[in-house]
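**Student:** Show me the folded form of this:
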Amino acid sequence: MSYPQFDKIENSHFVPAFERGMEEHLAEIEAIANQTEAPSLDNTLIPMERSGQTLNRVATVFFSLTAANTNDEMEAIRSDMAPKLSAHRDQILLNSKLFARIQAIYEQRDSLELDPESYRLIEENYKGLHPRRRTAFRGRQGKTQGNERRNGLLADQIQPKRNGRG
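**Tutor:** Below is the predicted model of the structure:
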């Protein structure tokens with residue numbers, strides 16, 4: 001395991017790193033969702049679990065730093081990135097091809113010879129993307145802008161409270 005060289009990280013590095021991480025993550029998710037092979041644990045859920053490594057690294061470093069030692073510039077980055085990260089997550093949650101793959105695995109889970117960890121992975125991913133859990137995001141046909149607006153408003157409301165200024 002290698003640790004970030006914190007002395008070389010500048011605040012200006014975070015936004016491009018977040019953007020690159022989100023771009024890579026979405027490309028990985030799209031590749032998984034658009035496969036022509038029948039969905040399986042090995043070609044859908046395991047790659048999903050491994051996807052987004054750049055974004056995860058950036059987020060881990062950034063949010064660890066903001067929790068330990070923040071400044072106005074980092075708070076501005078956090079406020080700016082909150083709705084973008086939320087929209088990024090929405091894009092994954094709303095990916096109908098991805099959901100169809102996960103649902104197909106979920107529906108055949110009892111006929112597969114699975115260890116308990118694999119069974120739980122299927123269950124948790126399905127529950128995380130199941131339409132009942134996506135009620136707030138139903139507006140794929142025209143309400144997406146409303147979600148983006150809500151995400152921005154929530155970020156505006158949450159950030160000051162996290163910073164002790166609300």
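**Student:** Send me stretch 103-116 as PDB with only the CA atoms.
**Tutor:** Output in PDB follows, covering the C-alpha atoms of stretch 103-116 (Å, rounded to 0.1, in the frame of the first residue of the first chain):
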ATOM      1  CA  GLN A 103     -31.600  -7.800 -11.600                       C
ATOM      2  CA  ALA A 104     -30.800 -10.800 -13.900                       C
ATOM      3  CA  ILE A 105     -28.100 -12.000 -11.500                       C
ATOM      4  CA  TYR A 106     -30.400 -11.400  -8.500                       C
ATOM      5  CA  GLU A 107     -33.200 -13.400 -10.000                       C
ATOM      6  CA  GLN A 108     -31.000 -16.400 -10.600                       C
ATOM      7  CA  ARG A 109     -29.100 -16.200  -7.300                       C
ATOM      8  CA  ASP A 110     -30.800 -19.100  -5.700                       C
ATOM      9  CA  SER A 111     -29.900 -21.400  -8.600                       C
ATOM     10  CA  LEU A 112     -26.200 -20.400  -8.500                       C
ATOM     11  CA  GLU A 113     -23.800 -22.200  -6.300                       C
ATOM     12  CA  LEU A 114     -22.700 -19.200  -4.300                       C
ATOM     13  CA  ASP A 115     -20.600 -18.700  -1.100                       C
ATOM     14  CA  PRO A 116     -22.300 -16.400   1.500                       C
END
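**Student:** Show me how far that stretch is from its chain's centre.
**Tutor:** 24 Å (CA atoms, centre = their mean, to the nearest Å).
**Student:** tell me what the longest helix anywhere in the chain is packed against?
**Tutor:** Secondary structure of the chain per DSSP state H: the longest helix is helix 72-93. Where contact means 3 or more CB pairs under 8 Å, 6 or more residues apart in numbering; DSSP states H and E, helix 72-93 is packed against helix 14-33, helix 53-68, helix 144-162. To be clear about C-beta, it is placed using only N, CA and C from the backbone, and glycine gets the same treatment.
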